[in-house]
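Need coordinates for the following:
(one chain, ligands or ions: 2)
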Amino acid sequence: MEDLPVGFVAILNAATLKQKQLMLSAISASFAKPEPSVQSEPANALVKIEDLVEHVPDLGLDDDLYYFINEELLSLQLQNVRGAGVKTKWLSPESESYNYGKVNNKPSDIKQFPNILKLMDIVNKHPSTTGDMDCCLISRYPTHKSTLRWHSDNESEIISQSSSICTVSFGAPRQLQCALGSHNDKSKIKPDLVLPAIDRTMNVMKPGAQQLMLHAVSPGKESTDRSADVRFSISFRRHSPVDPKNQGPDELSSSDAQGQSSGSNKFADVVLIAGDSFAARLDQKLLGKGKKDVRNISKGGRKIEAVEKDIEDFVTANPQVGISKLFVSVGTNDIRNCQTGVKHLKKALSDLMHKIKLILPNTKIWFQSIPPINPNGSKFIARHVLLMNNLIFDMCSKFRLYYLDIFPVFLNWNGSINSRLFPPYDNVRKCFDIHPNKKDHRAISFDIEIEVKYKSCPKRKVFNYEKGDYRGLNEDLYRINWDRAFMSNDPCLAWDIFKKTLGELCDHRIPKKTMRSQFQPPWYDSECDRIRRKKEKWRIKAKESTNESDRLTYTEKFRSMRKLFKKTMNDKMKSNFVDDSDPALISKRFWTHVKSKSKSTRIPETVQYRNRFRYEAKDQAALFNEYFYNQFSEASNYNIDIDFANNDFLDLKFYSEDILLILRSLNPSKAAGPDGIHGKVLKYCASSLAYPLSILFNLSFVTGCIPPDWKLASVVPVFKKELYEIGIVYQSVSGR
Ligand SMILES: O=C(O)CCC(=O)C(=O)O
Ligand SMILES: [Fe+2]
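Ligands and ions are numbered 1, 2, ... in the order given. From the prediction side, this is the model:
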């Protein structure tokens, strides 16, 4: 492990924190067993086309199922035209569309087609398939002339590339042509293999086929009966496990590199690496695995402005080149020799990102963080690395670019330097040098593909305190015999009984509401939803109508619904923002909404305390906890001489009349504290709660026992200055 390579870039689909963990373990594993770094032969020299496709002549479909599948196929409302008159329908369990070229296939729920599902089950059980198909693209070839041109189904955003694609044919016979390689001039392709695509048979394209070969459907023979020319194909695929909605900031339908039958491939598709020496030594052959065209235009010593120019020059000089992905590594040279923070670099970084977005609007863009460079003489200030990374992160969020955080990769789980990734400590220069400037330190790259399963967040039910029946609640509370309930004289037990009783009554008297998705504002209610659905209905009708006068009528209806929707939303928003207690104030709900829309987080990605770095929210909370705990001094040890027998302090009583006044003065719009009792309940049921609370307070006072709930407080760290050592940055604010 002594002479480890030092430059590093991890390419991954989305750099979330969870993935980073996986990345770390994958990286550790890759160090334990180093992969041979020999570049593999071009894939098509090794692969035979027979390994990529297979014809299955008999699927064992019974006649009934065959008949019912045909019924389902005929019932489909086909949408897009693909190739020569071929129309399609996309059936999927997921809600996103399947896009290629200019074609946008909206999904219908595959579960509504039980017989196609049965067929999918048969296909999945067939040993020649990967057995994990869950969606399908149905194509209808209306005449013998309808064809599909050479293409590959390589839309990795939506179609898993590690699963097979299995096409079952119905109706008129055709042929599926297959040709190895990617072929720039599609008009000259000669098929390497032709498979029959006849009624009730299946053709399986194995994983890798979409990357290594193209396929096409050629015209059929004309028959005397026109209806016998119709062919359907059901092409089963596996939905990509990465949800494009969550995949990253700038999702695009870029994967049409090969061009589906509808579009041609005008551009060469490249991955561009730009930036400073951290990226300069990356081995572009290894990065593209020999399949992707990777261009590396980074140079040692480059600063942000120079990188902006490098990228611009490349784009101008290569107008025929389409850049599908861009990796940028900047910042290290800008913070070198700099003593005064990094704020002054914000403009250059923003200009760079702005320019890139402008000239490469369809490119997926990653900005890499700076790895932890140790102070090297006075050239680097370690804190500046963190500040710069936070700036890069913030700007990435602003410009909706990917932030590729490699910083934590160089640290151990406990946040200290990971010696397996660092070269040995250099005693002469008093530093670790992870900079890849030594000849024997070749850059290495990791191409880590991680399947991410996104959990759909269950809808949360919460009390709707606005609509509570407080009169009823008061009545219920009056009926409770609190003296009996608190008979034990133990304040902790009594408090538990109080909370449980109140909770049960609240369940009964306060309705629940379902928390809406975070994308909807809090005032979006069922009425808004109803209007929105109507609006959508007319919009779709207008779009799908073939008759001009129908279209105009539907459009008119759509417009009036849209107007109503806007008005309703506006009215609801205004009434929502009025503060109940003081109409002159901007309400808390307003800020909640603003916060929910803002991308900024209160806590930066990396929190550091006493040289320990934490990335996970839970670990960060532990660090905060430790910090705040350390702020308390030791318990004092005063010996105050009190004469308890004659001290009227002990005569202190908590009267329900006083408690009533305090409860009535509470601000009902404040959130509940750790005990979960909401301000509205306390205020509006003050008269019925004052008595049991007075018993509880008196009990607690005389027994000297405080229920644990009363000692809890919600502590919110509030970011104060642009510094990262917790102690300096955060002040605690405790609410209770
Ligand atoms: O219809 C066929 O046999 C092939 C279908 C196909 O290639 C596709 O749907 O992408
Ligand atoms: Fe295809």
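
ok and the residue in the chain nearest ligand 1?
Residue nearest to ligand 1 within the chain: Ser233 (3.2 Å; C-beta to the nearest ligand atom). C-beta here means a position set from N, CA and C on the backbone, and glycine is covered the same way.

check contacts around Thr555.
Residues in contact with Thr555 (C-beta atoms under 8 Å, 6 or more residues apart in numbering) are 538, 542.

can you do 7 Å?
Ala542 (C-beta atoms under 7 Å, 6 or more residues apart in numbering).

And what about Leu137, helix, strand or coil?
Per DSSP: H, G, I helix; E, B strand; the rest coil, the local secondary structure of Leu137 is strand.

Counting neighbours, what do you get for it?
Using other C-beta atoms under 10 Å, Leu137 has 22 other residues around it.

Now it. Nearest residue, chain neighbours left out?
The shortest distance from Leu137 to any non-neighbouring residue, by C-beta to C-beta, 6 or more residues apart in numbering, is to Ser235 (4.8 Å).

part of a strand, is that neighbour?
Yes: assessed by three-state DSSP, Ser235 belongs to a strand.

That one touches Cys135, doesn't it?
No: using C-beta atoms under 7 Å, Ser235 is not in contact with Cys135; the gap is 9.6 Å.

quick revisit: need the contact list for the residue of the chain closest to ligand 1.
Counted by C-beta under 7 Å, 6+ apart, Ser233 has contacts 139, 167-169.

mind running it again at 6 Å?
Ser233 is in contact with 139, 167, 169, counting by C-beta atoms under 6 Å, 6 or more residues apart in numbering.

and ligand 1, which of these contact it?
139, 167 (C-beta under 6 Å from any ligand atom).

Compile the contacts of Ser233 into CSV and extend it with columns for distance to Asp550, pLDDT and neighbour count.
Below are the contacts of Ser233 laid out as CSV (distance: C-beta to C-beta, whole Å; pLDDT from 0 to 100; neighbours: other C-beta atoms under 10 Å):
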residue, distance to Asp550, pLDDT, neighbour count
Ser139, 28, 93, 23
Thr167, 36, 97, 24
Ser169, 36, 96, 23
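
Could you point out which of the contacts of Ser233 is nearest to Leu404?
Proximity of the contacts of Ser233 to Leu404 (C-beta to C-beta) peaks at Thr167, which lies at 37.1 Å.

Present the contacts of Ser233 as JSON lines; the columns should include distance to Arg484.
Output for the contacts of Ser233, formatted as JSON lines (distance: C-beta to C-beta, whole Å):
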{"residue": "Ser139", "distance to Arg484": "75"}
{"residue": "Thr167", "distance to Arg484": "75"}
{"residue": "Ser169", "distance to Arg484": "78"}
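
Between the contacts of Ser233, which sits nearest Gln368?
Thr167 (40.6 Å).

Where does that closest one fall, secondary structure wise?
strand 165-171 (DSSP states H and E).

how far is that strand from where the chain is centred?
34 Å (C-alpha atoms, centre = their mean, to the nearest Å).

With only the CA atoms kept, save the helix or strand harbouring Val702 in PDB.
Using DSSP H and E, Val702 falls within helix 686-703. What follows is helix 686-703, C-alpha atoms only, in PDB (Å, rounded to 0.1, in the frame of the first residue of the first chain):
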ATOM      1  CA  ALA A 686     -56.900  26.200  29.200                       C
ATOM      2  CA  SER A 687     -60.000  26.100  31.500                       C
ATOM      3  CA  SER A 688     -60.100  22.300  31.600                       C
ATOM      4  CA  LEU A 689     -56.300  21.800  31.700                       C
ATOM      5  CA  ALA A 690     -55.400  24.300  34.400                       C
ATOM      6  CA  TYR A 691     -56.700  22.100  37.200                       C
ATOM      7  CA  PRO A 692     -54.800  18.800  36.300                       C
ATOM      8  CA  LEU A 693     -51.700  20.800  35.500                       C
ATOM      9  CA  SER A 694     -51.900  22.500  38.900                       C
ATOM     10  CA  ILE A 695     -52.000  19.100  40.600                       C
ATOM     11  CA  LEU A 696     -49.000  17.900  38.500                       C
ATOM     12  CA  PHE A 697     -46.900  21.000  39.300                       C
ATOM     13  CA  ASN A 698     -47.700  20.800  43.000                       C
ATOM     14  CA  LEU A 699     -46.900  17.100  43.100                       C
ATOM     15  CA  SER A 700     -43.600  17.700  41.300                       C
ATOM     16  CA  PHE A 701     -42.700  20.500  43.600                       C
ATOM     17  CA  VAL A 702     -43.400  18.700  46.900                       C
ATOM     18  CA  THR A 703     -41.800  15.400  45.800                       C
END
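
Could you list the buried residues of that helix?
686, 688-700 (16 or more other C-beta atoms under 10 Å).

if we can go back for a sec, the residue nearest to Leu137: neighbouring residues, count only.
Using other C-beta under 10 Å, Ser235 has 20 other residues around it.

Which is the succeeding secondary structure element to the strand holding Thr167?
For strand 165-171, the succeeding helix or strand toward the C-terminus, using DSSP H and E, is strand 174-180.
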